[in-house]
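Student: Return atomic coordinates for the entry below.
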Amino acid sequence: MSPIDQHQEQRQRERLQHLVERLTDAQLATSLGGGWTVGVALAHLAFWDRRVVAQLELWQRQGRGPHERDQLDSEVVNTAALALWQLLPPRAAAQAALEAADACDQALAQADPRLLEQVLARASPFTLPRAVHRAEHLDQIERALGTV
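Tutor: Numbering: from 1, shown residues only. Below is the predicted model:
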């Protein structure tokens, strides 16, 4: 049995989907501050969900769990990636967020529960469950849009 609450993952993925389905182009361009827009936040979510997929695949392929060399400084990554995320068309970023969330949730559902337990036991910026990270940004977006 997975140590990740699949219901919570699904709930936040569906929340993301409902938000993306109703966002207008103007809303996608809404500023969240610091050079971030709704579209940028969605690109950010897509990146970090895809990172989880890639990392889980690597660990499973190598038959190992997390190691110190796998750690990234998420603040540095976010700062470095911001300019690229800003270049993405906001609607494409929104679609990428949906696709990445789906791929990530599938990867989590198929991952060896022992591997997930190893990841959860480590204090790291590698955020599992993904629902926590998604909820943080969905809350931020809904506040900015005044839809809370």
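Student: which one in this protein is furthest away from the centre?
Tutor: No residue in the chain sits farther from the centre than Gly63, which is 24.1 Å out by C-alpha atoms, centre = their mean.
Student: What pLDDT does the model give that one?
Tutor: You'll see Gly63 listed with a pLDDT of 90.
Student: His137 versus that one, what's the distance?
Tutor: 33 Å (C-beta to C-beta, to the nearest Å). The C-beta positions use only the backbone N, C-alpha and C, and glycine is treated the same way.
Student: which ones are touching the nearest residue to Asn78 once chain neighbours are set aside?
Tutor: Nearest residue to Asn78, sequence neighbours excluded (C-beta to C-beta, 6 or more residues apart in numbering): His44, at 6.7 Å. By C-beta atoms under 8 Å, 6 or more residues apart in numbering, His44 lies in contact with Trp36, Asn78, Ala81, Trp85, His137.
Student: For His44, give its distance to Thr37.
Tutor: Taking C-beta to C-beta, one finds His44 at 10 Å from Thr37.
Student: Same check on Ala93?
Tutor: 9 Å.
Student: Flag every buried residue along the helix or strand hosting Trp59.
Tutor: Per DSSP states H and E, Trp59 falls inside helix 38-62. Using 16 or more other C-beta atoms under 10 Å as the test for burial, helix 38-62 gives 38-53, 55-56, 59.
Student: how close does the nearest residue to Ala111 once chain neighbours are set aside sit to Gln110?
Tutor: Counting by C-beta to C-beta, 6+ apart, the nearest residue to Ala111 once its immediate chain neighbours are dropped is Leu56, at 5.3 Å. To Gln110, Leu56 is 9 Å away according to C-beta to C-beta.
Student: repeat for Ala29
Tutor: Applying C-beta to C-beta to Ala29 and Gln110 gives a distance of 36 Å.
Student: When the two are compared, which one has more neighbours?
Tutor: Ala29 (13 against 10; other C-beta atoms under 10 Å).
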